[in-house]
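Engineer: Quick one, what's the 3D model for this:
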Amino acid sequence: MLGTLPAPPPWRTFRGEPPAEDQSPPPDDGEMERRLGHERFKNDPAVDPEVLDMVNSALYLRRPLLVTGPPGAGKSSLAFRISRELGLGRVARWHITSHTTLKQGQYSYDAIGRAHAVAARQEMARIAAGGREPAGVAGIMADEQIGAFIRLGPLGTVFLPGRLPRVLLIDELDKSEADLPNDLLGIFEEGTFPIPELERVRNQLPEVEVFTDDPDRQAVIAGGRVLCHSFPIIVITSNGEREFPPAFLRRCLQLEIQPPDAEELAAIAAAHLSNMRNDQLLELVREFVQSSERAGGLPTDRLLDAMYLATSGAYDRNSATWSRLRDALWRQLRSAV
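Structural biologist: Numbering: from 1, shown residues only. All right, here's what the predicted structure looks like:
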């Protein structure tokens, strides 16, 4: 994977202006270590050349990467590996369901909460004015508060103008309604989207500070529109449960990930459970690979579950109890795969 981020092609540059005191991406919130294990224990095997080529191409071209493969193959982890390699901090996560809409990813606006807050402030102003209606309170005061009731979603947050791109994981897009992939085309091509509630007051309030998807971070929106500077690094995962429209596929680079082999499984396990003896680790990996082949594929996290139990001290790995527990742990998944 590229150690530094190359410049984008001319047709993938955008006009967003980073703030004068541009903030670096927020630090990882702990999710990276939870997904990848502790960095000082990582011992990654050689990366599949196809995976490496497609990831690097997506970085060069600033195109979303559509990653398909069976559950547990490591599709989502790819976004965290990219961020760790390039030092891009917290990965924004947008988990897709059958009810997810484009607007939910861009921003939310609490109109009811704002109405209550405006009414309360107006009442306090009338009390302070001795019961009289203060001039202009109904308009100016309401506009001054609007930013406190807007929060950018994960999609909107990564399109904020910054000197460095953010990493966004759009997880399980195949679970969405049919329209969402096509709805994404506009922002993927133009790198911008409007916030109508702010556009309506842009003459009175050309800049408004709003909340973002990043904990404890806010951002200034100018002119009621979010316009990116560096196109984000977008990893979209799919379990292959549906096909996507051709127009959407043309905007993405496509990568199919295969389940990790024994060497990769051993490296993953070592990064998460550094206290396990190498012979124990290899033996359990071998047993897991055999069970996975019989079951038609098992998620990697079930190997980690078994390894944690094996090193917990609660079970003797030479006992019949451990064998039953291990088989039940993996057999339970077989019927669900």
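
Engineer: For the rest of this, base every contact and every neighbour count on C-alpha atoms.
Structural biologist: Fine.

Engineer: Next up, phi/psi of the residue nearest to Pro196 when sequence neighbours are not counted, please.
Structural biologist: Counting by CA to CA, 6 or more residues apart in numbering, Gly224 is the residue found nearest to Pro196 once chain neighbours are left out, at 6.8 Å. Taking degrees, to the nearest 10, you get phi 70, psi 20 for the backbone angles of Gly224.

Engineer: Would you mind measuring from Gly224 to Gly130?
Structural biologist: Counting by CA to CA, to the nearest Å, the separation of Gly224 from Gly130 is 36 Å.

Engineer: between those two, who's got more neighbours?
Structural biologist: Comparing Gly224 with Gly130 by other CA atoms under 10 Å, the one with more neighbours is Gly224, at 22 against 9.

Engineer: Can you pull the poorly scored residue ranges out of the stretch 51-200 of the chain?
Structural biologist: Counting by pLDDT under 70, the stretch 51-200 of the chain contains low-confidence ranges at 129, 131-144.

Engineer: can you map out the helices along it?
Structural biologist: Remark: helices of the stretch 51-200 of the chain, listed N- to C-terminal, are 77-86, 102-106, 111-128, 142-145, 154-158, 180-183, 185-190, 196-199; assignment by DSSP state H, counting those that start in this stretch.

Engineer: From the contact counts, what lies against the second one?
Structural biologist: Okay, so that is helix 102-106. Packed against helix 102-106 by the contact rule (3 or more CA pairs under 8 Å, 6 or more residues apart in numbering; DSSP states H and E) you find helix 154-158.

Engineer: which residues sit against the helix it packs on?
Structural biologist: 92-94, 105-107, 165-168, 212-214, 226, 232 (CA atoms under 8 Å, 6 or more residues apart in numbering).

Engineer: Now Thr100. Nearest residue, chain neighbours left out?
Structural biologist: Using CA to CA, 6+ apart and skipping residues adjacent in sequence, the residue nearest Thr100 is Ser176, 6.4 Å away.

Engineer: What is the burial count for the one you found?
Structural biologist: Other residues within reach of Ser176, judged by other CA under 10 Å, total 17.

Engineer: show me the contacts for it.
Structural biologist: In this structure, Ser176 makes contact with 96-100, judged by CA under 8 Å, 6+ apart.

Engineer: any idea which residue sits dead centre in this structure?
Structural biologist: Central residue check for the chain by CA atoms, centre = their mean: the C-alpha nearest the mean position is that of Arg93, 2.3 Å away.

Engineer: looking at the sheet around the closest residue to it other than its chain neighbours, what are its partners?
Structural biologist: Counting by CA to CA, 6+ apart, Arg93 lies nearest to Leu169, which is 4.9 Å off, once chain neighbours are set aside. When bridges are assigned using DSSP bridges, the partners listed for Leu169 are Arg93, Val235.

Engineer: Renumber starting at 742 from here on
Structural biologist: Got it, the first residue is 742 from now on, which makes the last one we talked about Leu910.

Engineer: so how far is Cys993 from Leu910?
Structural biologist: Shown here: Leu910 relative to Cys993, a distance of 14 Å by CA to CA.

Engineer: okay, now the closest residue to Pro1000 other than its chain neighbours: neighbour count?
Structural biologist: Leaving aside its sequence neighbours, Pro1000 sits nearest to Ala814 (CA to CA, 6+ apart; 4.4 Å). Neighbourhood size, Ala814 [other CA under 10 Å]: 21.

Engineer: Mind jotting down where the strands sit in the stretch 942-1078 of the chain?
Structural biologist: For the stretch 942-1078 of the chain, the strands defined by DSSP state E, counting those that start in this stretch occupy 948-952, 959-963, 966-968, 974-979, 994-997.

Engineer: Identify the residues contacting the nearest residue to Ala889 once chain neighbours are set aside.
Structural biologist: Leaving out its chain neighbours, the residue that sits closest to Ala889 by CA to CA, 6+ apart is Val951, at 6.1 Å. For Val951, the contacting residues are 888-893, 959-962, taking CA under 8 Å, 6+ apart as the criterion.
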